[in-house]
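**Student:** return atomic coordinates for the entry below.
(4 chains)
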There are 4 protein chains.
Amino acid sequence: MDKKQNLKTSEYKSSGFGSRTDNQPDRLINQDGSVNVKKTGLNFFDHFSIFHFLVTTNWTKFNLLVILSYLLLISFFGAIYYFAGIEKLGITSEGFTTDLLNAIYFSSQTFSTVGYGRANPLAHETNLIAVAEMLIGMMYLALAAGLLFARFSRPVSKVVFSKKALIAPYRQGKGFMIRLSNAKTNILLEVEVKVLLVMVKEENGVRVRKFNDLPLEMSKINLLAMTWTVVHPIDESSPLYMIGKEQLDRSEAEFMVLIKGINDTLSQTIHSRTSYKSEEIEWDARFTPIYKNHKGVSEVAIDKISDFEKVSI
Amino acid sequence: MDKKQNLKTSEYKSSGFGSRTDNQPDRLINQDGSVNVKKTGLNFFDHFSIFHFLVTTNWTKFNLLVILSYLLLISFFGAIYYFAGIEKLGITSEGFTTDLLNAIYFSSQTFSTVGYGRANPLAHETNLIAVAEMLIGMMYLALAAGLLFARFSRPVSKVVFSKKALIAPYRQGKGFMIRLSNAKTNILLEVEVKVLLVMVKEENGVRVRKFNDLPLEMSKINLLAMTWTVVHPIDESSPLYMIGKEQLDRSEAEFMVLIKGINDTLSQTIHSRTSYKSEEIEWDARFTPIYKNHKGVSEVAIDKISDFEKVSI
Amino acid sequence: MDKKQNLKTSEYKSSGFGSRTDNQPDRLINQDGSVNVKKTGLNFFDHFSIFHFLVTTNWTKFNLLVILSYLLLISFFGAIYYFAGIEKLGITSEGFTTDLLNAIYFSSQTFSTVGYGRANPLAHETNLIAVAEMLIGMMYLALAAGLLFARFSRPVSKVVFSKKALIAPYRQGKGFMIRLSNAKTNILLEVEVKVLLVMVKEENGVRVRKFNDLPLEMSKINLLAMTWTVVHPIDESSPLYMIGKEQLDRSEAEFMVLIKGINDTLSQTIHSRTSYKSEEIEWDARFTPIYKNHKGVSEVAIDKISDFEKVSI
Amino acid sequence: MDKKQNLKTSEYKSSGFGSRTDNQPDRLINQDGSVNVKKTGLNFFDHFSIFHFLVTTNWTKFNLLVILSYLLLISFFGAIYYFAGIEKLGITSEGFTTDLLNAIYFSSQTFSTVGYGRANPLAHETNLIAVAEMLIGMMYLALAAGLLFARFSRPVSKVVFSKKALIAPYRQGKGFMIRLSNAKTNILLEVEVKVLLVMVKEENGVRVRKFNDLPLEMSKINLLAMTWTVVHPIDESSPLYMIGKEQLDRSEAEFMVLIKGINDTLSQTIHSRTSYKSEEIEWDARFTPIYKNHKGVSEVAIDKISDFEKVSI
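**Tutor:** As a prediction, this is how the structure comes out:
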C-alpha cells in the first residue's frame, strides 16, 4: 500500500468492479459497506450457507433458532415415543394431550441427558429411540458449543466513518477528507486505508467507469486509539484537481473507502468499508475537534465524529 | 506479487515442481486443484491423519462415523457389562439377546450421561466399568464439540474457474484469459492471482520443463464481489508470443492458476488453484458478459461463468 | 518496516496520535502499554463488551463470575419451582427454607443435567419449567466451553521491557538503547520493533507535537530466544543528535516502543508496546550482561533485564 | 525475503543470537529445531505454563492427565461425601472400604452428570456438595472440549530436513544444499526458507561470532507438494567462497535453516527450523532422486530424503 504501488496504472481498476457502466447500478458499495451485487445461479447450499447465517445473524435470531430447534427436536422424538406407546415408557395413559405432553417431557429429559428416570424406556422400541435421541442431544450440545465459539471468535470491528466526506482548504491547496474511528473501547493496530475514486467519463461516445487510487497524506498508522482524519491532498496529480461540485455530480463520482486493521484483543485482522457519493460530500467545511484533555486523559467524543463546521474561503 | 518479482529469474521454477520431465507425470495440478503427487515412506500416522480426515471429509461421512463410533462404543461397554453380569445392574435376566441389548441400553444411558437410573450399577465391577464409561462419554462429547468447531472454522472457499481458458484478441495484440468468481454469497478481499506456465522444451537433446510466471494486466484486486477476468497480455516479452495451438500442444503446456484471498465473514485467508492443459484452451473466443442491472442491483449469473462466444479475427 | 519506509516523511505522524498539544495529556502511552485515551459517546454495548471482558479478565474474576451466574440461575429456577409448588416435584413440604432449598437442589440437578430423579416434575407446570431449564443448562455449558477456549486461544505474550532506556556511547558516537525479552519459556519468531519519538516544539509561537520514527541498527530479528537490545544510533541524521538531558526534558520527549512477533506454540501474532518519558532515561549507562553458559546451554536471567551499570565517558 | 534484503548488512545479526562467543554454548539451534537456551528468573506461572503444556504435550501424557485428574476429582468429592455421612446419600453402610467406594461411585455419577439416582443427596450437606460438584463437572467437560480443540487446531507441520547438508558441484562452481519436504499428505503453500551461517572469527584477538544470510538460488516457492532442494550458490560473494572443510571446522560453523509456510487444510502459518554443524556437512555428494512416475502420478519416497551419493570431481 505504499505510494508507488498506489499510482501504478495496473491498479486503477483494482476495485474488482468492471469499467462498463451500461450493466451496472448507480452505486457499487452501499454506505454500510455491503456491496450492491446479487449472485444468481448458485445452488441452494452455496446461496444459503446455514453456517454463515448462524455465525453472522444477530443474537435475537440466533437465540430464537436455538429455542425453536430444541422444541422441534424434542417434540419430534416425543411424537415417536407416543406412537411407539407411552406405556413402554412406564407412563400411565391419561388421554391424548397429556400422553403426548408426557412423551415430550420424557423426550426432553433424554435429549438434554437429564434422565430423571421416572419415565423410562421399558421396551426395545423405546430404548432404541432413546439411544438415537441421546446421540442427537449430545451432537446438539456439541454444535451449540461450536457455534457459540465461532460467534465469539469472529473478528468484529465497529469502524465508524463520518457521515459526510469534506473537501476543504488543506495546506496550500485543497484536500478530500474523511474522519474515522473505532467505536469499541479496544484499539486497532496497523490500520491501513485505501480510497478509490470511481468516475464515469465519456470516451469515444461510450460512458466508461474510471477508477483512481487516491494518494493519501498517510495511508497507514500504527495505533488507532483516537480518531483518524484521512486526507487526500488535491494537487496537480490528483484526479480531483480543478474539479468543482457540478462536475463531480455529473461524473457520478463514488469514493470507496477500504480499511483494515488488527483488533488487539484477539489479534485478528478486521476489514471494513464505506462509500461516499458526490451528494455525500460537503464542500468548504472542516471536522470539529472532538478531543478533550480530562484530568490527564484524552477524551474522544465518538458520537460527534461526523460533526463539521463551514469554513469561509 | 508485483511485476518486478514476477519476472525475476530465480522465481521461474518457484512452483515447487522440478524441471526434469522423465520422472514426472503429464499433469502437475489437476483441474480440481489437487496435486498429482503421492508420498511414500511415511509412517502410518503421517500418512493417514485421523484429524485431517475428520475435519475435511464431507458431512455424510462425518455423520456416519459419529453414529458408527457411538454404536461401537456403547456396544463395547454393553458387552463388558453383560460379561460382568447384568444382575449386577439390577436387570433380571430374560435370555441372551434381551440381556445383551439391555446391557447396551444401560451402556448408552451411561455414555450419554442420561442415567435414567432404572438399571443401575449395584456391584463394584459394574460401578468401575461405569466410572470408566462416563469419562469416555464426556471425552466423546468434548471431542465432537472440538471437531464440529474445527469443521466450521475451516477456511472454506468455493472459488469457481471457467472450464476453459481463452486466447483471444486483447487491446492491440492477444491475451490469455480465464474468468473466476466466488460461488458463495460472501465477498473475498485482497484477492491475488498468479499464473504459471509450464512448457517442455528440448535442451541439448534432453526434454526439460520450463516454468514461466506470466505477467498479468492486474494481479491483485481489493474486492471480489462479482467476477474477475484475469488477463495475461501476449506481448513480445510473453513466452506465448507468436506461439500457435500446435506448438502449445507439442510443448505439453500447463497453465497453473494459484489464487488467494480473504473471506470477509471470518477474516480467514483462503487458497485455491486449478490448471489448464493446452486442450482446455479455446482460441479466438471471449467470455460472454454475465452481469445484469436488476432494479439498481448488479446480478451476476455465476453458473454461466464458463460461457464464451467465438470471435472472428 | 525497512529503513527506507521508516524515513518516509508521510510516516512521521503515523503513531495515530495528533500533533496538537493543547488538547492532549502529557503522556500518550502508559508504561504498561495501555493508551491514555477514553472514548465517550459510545452506546452501552460498545462501551462495555461482555465478551471482551469475559475473555480478557483474570482467572479469579472469571471463576467468580462462573460460580455466581451458576448460583443465580439455579436459584432463579429454584424459586420458580417453589412458587409452582414443590409437591408438583414430588417433594413433601417441610417449611419455607427447606422447601426453597429443595427446589434449588432439584433446579441444580436439572440445570447440570444430573437428574437423579428422586425429585421429579409431576405436573405440566414443573415439567415445562424443567424443559426450559434444561436448555438454559445446555447453553450455559456450551457457552462455558466456548469462553474457555477463547481464553485459551487468545494470543498471549509477556514481552518484558527494561524499566529504563539508556543513552550511552555506541560505536563512534552515542546510541539510544532499550532491552527486551519474552518472559515465557516459548520463543517468538519474526519479531519487529518500531521506536517513535514524540517531542514538543515551538512553531510560530504554537507548541506542536513532532513525531519521529527512529532508525534502528536492526528492526527485525528471526528468533527472540534470549534478549534483544534495540539500538537507535544517534548520528547526524538522528533527531537526538547533540541533544542533552535538559533539552529532552524541556521537549516533553516520549519514546514509544511498538513490538510484534509470532508465538511459536500457536503461530499467533502478538503485539506489545511501552513508552519511556525523558525521566525514564538513564544517561551514560549500559545494560549488564545476563547470559551465562551453563553446561553447554545459554542461561538468561530474565529478572535482571533492567540491570545497567554506569559507564565513565 | 527478497535477495536485496537478504544482503543488507543490518540483517547480518538478525538471528536473535548475540555475537559474543565467551558466554554462549557451541551450538545455538539443535537439530530438532529447539533452541539451546534456558531462561531463569521467571516466576512459576511464566516458567511452567499449564495451558502450553496441555496443548503441546503428546497424546499419551494428555490422556493420562485427563484420567488422573478425573479420578482425583471424583475421589476428592467422594471423600467429602463419605465424611458428611453416606447415609445422607441413602446408602446403607457396609464397612469403610465399601462405603468410601460407594461414595466415590456416587461422586462420579454427579461429576459426569449421569445421576442414576439410586444414591441420592438426602440432606442439606450432601446436596450442597453435589451442587458444587455438578459445576466442577460441567467446567471439567467444558475445559476438556476447549483443550481438545486447541490441540486439534494447533498449526502442526512435520517438515523433514535431510540429515546432512551437502557441498557439491553446482553449475559452474559449487553449492551448499539441503533437501526438505513435508512428511504429511497435505501440501504447504508459500513456503519461504532462510539460511543463516554463523562462523567464529578472530578480531583484534577476540573470537567473535559472525552472522551471514546466505543468498539462495530460490528462497520462496508457491507449493511444496514434493521435495525442495534449497541451494546457496558458492560464488565470489559467498562467505563460503574458497573455504574448505578444515577452515569450516575451525570456525565452528553452524548453518541455521528457518522455514515457514501455510498448511492448506487449516490455512495456518507453520514455522520450522533446524541447524547443521560443520560435521553434519557432506562434501562432494548429491541427493539421490526420489521421484518415480507411477501410473501418471509422481511418487515421492519421503523416507529417502537424506539419501545422497558421492560425486567425483
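
**Student:** please enumerate the helices of chain A.
**Tutor:** For chain A, the helices defined by DSSP state H occupy A:3-7, A:44-47, A:50-56, A:59-84, A:96-111, A:124-153, A:245-250.

**Student:** do the third one and chain B meet?
**Tutor:** Yes. For helix A:50-56, a contact with chain B is found by C-beta under 8 Å from any C-beta of the partner chain, at A:51-52, A:55-56. Quick note: C-beta positions are derived from backbone N, CA and C, even for glycine.

**Student:** can you pick the most crowded of those residues?
**Tutor:** A:Val55 (22 neighbours; other C-beta atoms under 10 Å in any protein chain shown).

**Student:** now it, nearest residue through space, not along the chain?
**Tutor:** A:Ala150 (4.9 Å; C-beta to C-beta, 6 or more residues apart in numbering or on different chains).

**Student:** tell me who's in contact with that neighbour.
**Tutor:** If a contact means C-beta atoms under 8 Å, 6 or more residues apart in numbering or on different chains, then A:Ala150 has A:51, A:55, B:149, B:152-153, B:266 as its contacts.

**Student:** of those residues, closest to D:Glu282?
**Tutor:** Set against D:Glu282, the nearest of the contacts of A:Ala150 by C-beta to C-beta is B:Ser153 (44.2 Å).

**Student:** not counting sequence-adjacent ones, nearest residue to that closest one?
**Tutor:** Excluding the flanking residues, the one nearest B:Ser153 by C-beta to C-beta, 6+ apart is A:Ala150, at 5.9 Å.

**Student:** re earlier: a markdown table for the contacts of A:Ala150, including distance to B:Ser275 and pLDDT?
**Tutor:** Shown next, in a markdown table, are the contacts of A:Ala150 (distance: C-beta to C-beta, whole Å; pLDDT from 0 to 100):
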| residue | distance to B:Ser275 | pLDDT |
| --- | --- | --- |
| A:Phe51 | 29 | 76 |
| A:Val55 | 33 | 82 |
| B:Phe149 | 33 | 80 |
| B:Phe152 | 30 | 76 |
| B:Ser153 | 29 | 72 |
| B:Leu266 | 28 | 70 |
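
**Student:** quick one: which of those residues is nearest C:Pro121?
**Tutor:** Taking C-beta to C-beta as the measure, C:Pro121 lies nearest B:Phe149 of the contacts of A:Ala150, at 33.0 Å.

**Student:** what parts of the stretch 151-300 of chain A come near chain C?
**Tutor:** Going by C-beta under 8 Å from any C-beta, the residues of the stretch 151-300 of chain A near chain C are A:151-153, A:158, A:181, A:183-187, A:189, A:191, A:217-226, A:228, A:262, A:264-267, A:289, A:291-294, A:296-300.

**Student:** now the buried members of these.
**Tutor:** Neighbour-count burial (16 or more other C-beta atoms under 10 Å in any protein chain shown) is assigned, among these, to A:151-153, A:158, A:181, A:183-187, A:189, A:191, A:217-226, A:228, A:262, A:264-267, A:291, A:298-300.

**Student:** looking at the residues you listed, which are in strands?
**Tutor:** A:181, A:189, A:191, A:220-224, A:228, A:262, A:291, A:298-300 (DSSP state E).

**Student:** pick out the residue in chain A sitting closest to chain D.
**Tutor:** A:Gly117 (5.3 Å; C-beta to the nearest C-beta).

**Student:** isn't that residue right up against B:Gly117?
**Tutor:** Yes. A:Gly117 lies in contact with B:Gly117 (C-beta atoms under 8 Å); the separation is 3.8 Å.

**Student:** who touches both of those two?
**Tutor:** C:117, D:116-117.

**Student:** now render the residues you listed as CSV, adding neighbour count and pLDDT.
**Tutor:** Listed next are the shared contacts of A:Gly117 and B:Gly117 as CSV, based on neighbours: other C-beta atoms under 10 Å in any protein chain shown; pLDDT from 0 to 100:
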residue, neighbour count, pLDDT
C:Gly117, 25, 90
D:Tyr116, 28, 93
D:Gly117, 25, 90
